[in-house]
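Colleague: predicted coordinates and the sequence they were generated for:
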Amino acid sequence: MADAVVKRLVTRKVAEIKDEAAARAAVRQVVLDNLTAEEKLEEDARKLLLEHAKQIKDSAADYRQLLGKVKEKLARERGFVL
């Protein structure tokens, strides 16, 4: 994926890249950081819902919808774009 991103940046002349290997490494790190942050967000949302499992079970709420809403709320609070 990093190779494709760097190649497109160069091909479309969006960025002038002198060291493609370093650019690929930087893109890989950004993607990895983003995926890690998203996994943490998902984990935190599930923990929050687990804390309220009894209320969720007693209501007619859909777990998947609640999970999505909680993830969106946490993402907004953390400045994270899903």
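Modeller: Perfect, thanks for sending it.
Colleague: pull the helix or strand with minimum mean pLDDT from this protein.
Modeller: Taking mean pLDDT, DSSP states H and E as the measure, the helix or strand of the chain with the lowest value is helix 53-58, at a mean of 86.
Colleague: centre of the chain to that one, how far?
Modeller: The gap between the average C-alpha position of helix 53-58 and the chain average comes to 27 Å, counting by Cα atoms, centre = their mean, to the nearest Å.
Colleague: what residues of it count as buried?
Modeller: Taking 16 or more other Cβ atoms under 10 Å as the neighbour-count basis, helix 53-58 is seen to contain no buried residue. In short, each C-beta sits where N, CA and C put it, glycine included.
Colleague: please identify the buried residues of the helix or strand following it?
Modeller: Sequence-wise, the next helix or strand downstream of helix 53-58 (DSSP states H and E) is helix 63-78. Going by neighbour count (16+ other Cβ under 10 Å), the buried part of helix 63-78 is 66, 70-71, 74-75.
Colleague: make a markdown table out of these and add distance to Glu20 and pLDDT.
Modeller: Written out in a markdown table, the entries for the buried residues of helix 63-78 read as follows (distance: Cβ to Cβ, whole Å; pLDDT from 0 to 100):
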| residue | distance to Glu20 | pLDDT |
| --- | --- | --- |
| Leu66 | 44 | 92 |
| Val70 | 40 | 95 |
| Lys71 | 35 | 95 |
| Leu74 | 36 | 95 |
| Ala75 | 32 | 95 |
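Colleague: biggest helix in the chain by residues?
Modeller: Looking across the chain with DSSP state H, the single longest helix is helix 20-51.
Colleague: now that one against helix 63-78, angle please.
Modeller: Direction vectors for helix 20-51 and helix 63-78, defined by axes from the mean of the first three to the mean of the last three Cα atoms, to 10 degrees, enclose an angle of 120 degrees.
Colleague: pLDDT on helix 20-51, on average?
Modeller: Rounded to a whole number, the mean pLDDT of helix 20-51 is 95.
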